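Colleague: Just the structure for this:
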Amino acid sequence: MRVVLQRVSRARVLVDGQEVGAIGPGWAILLGIGRSDDEEVAARLIEKIVKLRAFEDASGRMNLSAEDVGAEFLVVSQFTLYADLSRGRRPSFVDAAPPSQAAPLVERFVEMLHERGFRVATGRFGAVMDVELTNRGPVTFVLAMDS
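Modeller: Presented below is the predicted three-dimensional model:
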């Protein structure tokens, strides 16, 4: 799995001009699912994300986790994180999981965040989406979790 993790003060997703998901302070997650990813990989990645000390404490230092601050999550499926740009001018997506594998794993990822007590909003799998966010900091991390 690959994610682009952005600390936000707010974020939302629109499909055909209609808001389908929105959050306040927390993490906007662009989530890419690879062919070898499974629920175990998702669980390890979630553990890393929710415990990542990237929120500011009273002295302004990045010292608090999503658990500590009650962060909200916006999860948006992003197969292009598995693009291979090494040859030519057209990206290849052979390492991205097919929709039949990726969609259930994205849903499970969201469920696991819910199970940990977080408020989670999502985009719409497979739709053309407009993602709007205010990156707080800015703070952005790129994480990859191998199976």
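Colleague: Which residue ranges of the chain form helices?
Modeller: 39-51, 66-69, 99-115 (DSSP state H).
Colleague: Adding mean neighbour count as columns, could you present these in JSON lines?
Modeller: (Glycine included, C-beta is placed from N, CA and C.) Output for the helices of the chain, formatted as JSON lines (neighbours: other C-beta atoms under 10 Å):
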{"stretch": "helix 39-51", "mean neighbour count": "16"}
{"stretch": "helix 66-69", "mean neighbour count": "16"}
{"stretch": "helix 99-115", "mean neighbour count": "17"}
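Colleague: Next, format those as JSON lines and append mean pLDDT.
Modeller: As requested, the helices of the chain are exported to JSON lines (pLDDT from 0 to 100):
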{"stretch": "helix 39-51", "mean pLDDT": "97"}
{"stretch": "helix 66-69", "mean pLDDT": "98"}
{"stretch": "helix 99-115", "mean pLDDT": "98"}
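Colleague: okay, these in TSV with distance to Ser92 next?
Modeller: As requested, these are exported to TSV (distance: least, C-beta to C-beta, whole Å):
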stretch	distance to Ser92
helix 39-51	22
helix 66-69	34
helix 99-115	16
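Colleague: Tell me which of the ones you listed lies nearest to Gln18.
Modeller: Smallest distance to Gln18 across the helices of the chain (C-beta to C-beta): 19.5 Å, for helix 99-115.
Colleague: could you say what helices and strands the closest one packs with?
Modeller: helix 39-51, strand 72-77, strand 120-122 (3 or more C-beta pairs under 8 Å, 6 or more residues apart in numbering; DSSP states H and E).
Colleague: Now do it and helix 39-51, the angle between them.
Modeller: On the basis of axes from the mean of the first three to the mean of the last three C-alpha atoms, to 10 degrees, helix 99-115 is oriented at 40 degrees to helix 39-51.
Colleague: now helix 99-115 against strand 72-77, angle please.
Modeller: Using the same axes, to 10 degrees: helix 99-115 against strand 72-77 is 170 degrees.
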